[in-house]
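Enquirer: Let's see this in three dimensions:
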Amino acid sequence: MGSTSLVSSSSLLNYNNNITTKQVTVVRAVLSSTEGATMVKAIRVHELGGPEVLKWEDVEIGEPKDGEIRVKNKAIGLNFIDVYFRKGVYKAVSMPFIPGLEAVGVVTAVGPGLTGRQIGDVVAHAGYPMGSYTEEQILPANVVVPVPSSLDPVLAASVLFKGMTAHYLLRRCFKVEPGHTILVHAAAGGVGSLLCQWANAVGATIIGTVSTEEKASQAKENGCHHVIIYNKEDFVAAVNTITSGIGVDVVYDSIGKDTFQAFYMPGGLVKRLPSPDYF
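Expert: Okay, the predicted model is just below:
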């Protein structure tokens, strides 16, 4: 991501610690008729299925309650988990529902008794409550983080959810250190691209698998040291050759192949990311 600087974890903590509310917030996952409600546009799902079940509709949105803010979305992130909810692989709280778990927007109203959030703040959120496929939404104030003015809202909305995933995989699930060798399947995908950039910055050696020459070029641009086009060569043999038969310290597998045990060293770790093959 070039020289773009994200907000430090300490500043995010201070931002959220500045919130005070009168009482515990109950998340409103479904928009319903409320006093002072206004109409906004949203994409809703009334029945499970393919893209054809996504409906562009008018919905009502009320004023934020205690501990809540109203946010006018500037950009939303699209993630495969949205497809899982639309198809019914994951179950929504109720029907109809508004998909989407990631967005960047501007605070347009704050609930009574709330401090630490102001109208005009540019904020981002990723995760629950679901419902970012909408022009405006009500959110608990403590689930959003500030977006610096130097960061494009479109970039922020597209990287936050995947960025948190990459952070967990590289720093908590298995702490990648200089000298480690890692294998990233789908190295040109959303999470894979961030894994390659981040692990390269840490000082690890990255082996990536992709399906096309175009994706191979992208993976190399993202810092992947060794790229294997898996439908042109035996990637297990290639990994063994690259590592002189030692294997890798960790495998990040979002593909679901059944050969993962063949290429990591004894004591190594395989982290399987959700993919369609797992359901």
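Enquirer: Start and end of stretch 206-216, how far apart?
Expert: 13 Å (C-alpha to C-alpha, to the nearest Å).
Enquirer: Name the residues of it that come out as buried.
Expert: 206-210, 215-216 (16 or more other C-beta atoms under 10 Å). Every residue, glycine included, has its C-beta placed from N, CA and C.
Enquirer: Equivalent analysis for stretch 77-95, please.
Expert: So for stretch 77-95, counting by 16+ other C-beta under 10 Å, buried means 77-79, 81-82, 84-86, 92.
Enquirer: Out of the buried residues of stretch 206-216, the closest to S158 would be?
Expert: K215 (17.9 Å; C-beta to C-beta).
Enquirer: show me where pLDDT drops low in this protein?
Expert: Applying pLDDT under 70 to the chain flags the ranges 1-36, 255-279.
Enquirer: Helices of the stretch 51-200 of the chain, residue ranges please.
Expert: Secondary structure of the stretch 51-200 of the chain (DSSP state H, counting those that start in this stretch): helices at 80-87, 153-167, 190-202.
Enquirer: Mind putting those into JSON lines with distance to G179?
Expert: Shown next, in JSON lines, are those (distance: least, C-beta to C-beta, whole Å):
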{"stretch": "helix 80-87", "distance to G179": "32"}
{"stretch": "helix 153-167", "distance to G179": "20"}
{"stretch": "helix 190-202", "distance to G179": "10"}
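Enquirer: related to what we said a few turns ago, can you list which of the buried residues of stretch 206-216 are found in strands?
Expert: 206-210 (DSSP state E).
Enquirer: most centrally placed residue in this structure?
Expert: F161 (1.7 Å; C-alpha atoms, centre = their mean).
Enquirer: Please report the distance of the closest residue to A187 other than its chain neighbours from Q218.
Expert: Excluding the flanking residues, the one nearest A187 by C-beta to C-beta, 6 or more residues apart in numbering is G208, at 2.7 Å. Distance of G208 to Q218, given as C-beta to C-beta, to the nearest Å: 10 Å.
Enquirer: swap in T209?
Expert: The value you get for T209 to Q218, if C-beta to C-beta is used, is 13 Å.
Enquirer: Over to L48?
Expert: 33 Å.
Enquirer: now swap in V147 and tell me
Expert: 26 Å.
Enquirer: Between those two, which is the more surrounded one?
Expert: V147 (23 against 20; other C-beta atoms under 10 Å).
Enquirer: Please verify my assumption that that one contacts V123.
Expert: Yes - applying C-beta atoms under 8 Å as the test, V147 and V123 come out as touching, 6.3 Å apart.
Enquirer: Overlap of the contact sets of the two?
Expert: V104 (C-beta atoms under 8 Å, 6 or more residues apart in numbering).
Enquirer: out of the ones in strands among the buried residues of stretch 206-216, who's nearest P96?
Expert: V210 (37.7 Å).
Enquirer: N231 should be in a helix, yeah?
Expert: No - applying DSSP: H, G, I helix; E, B strand; the rest coil, one finds N231 to be coil, outside a helix.
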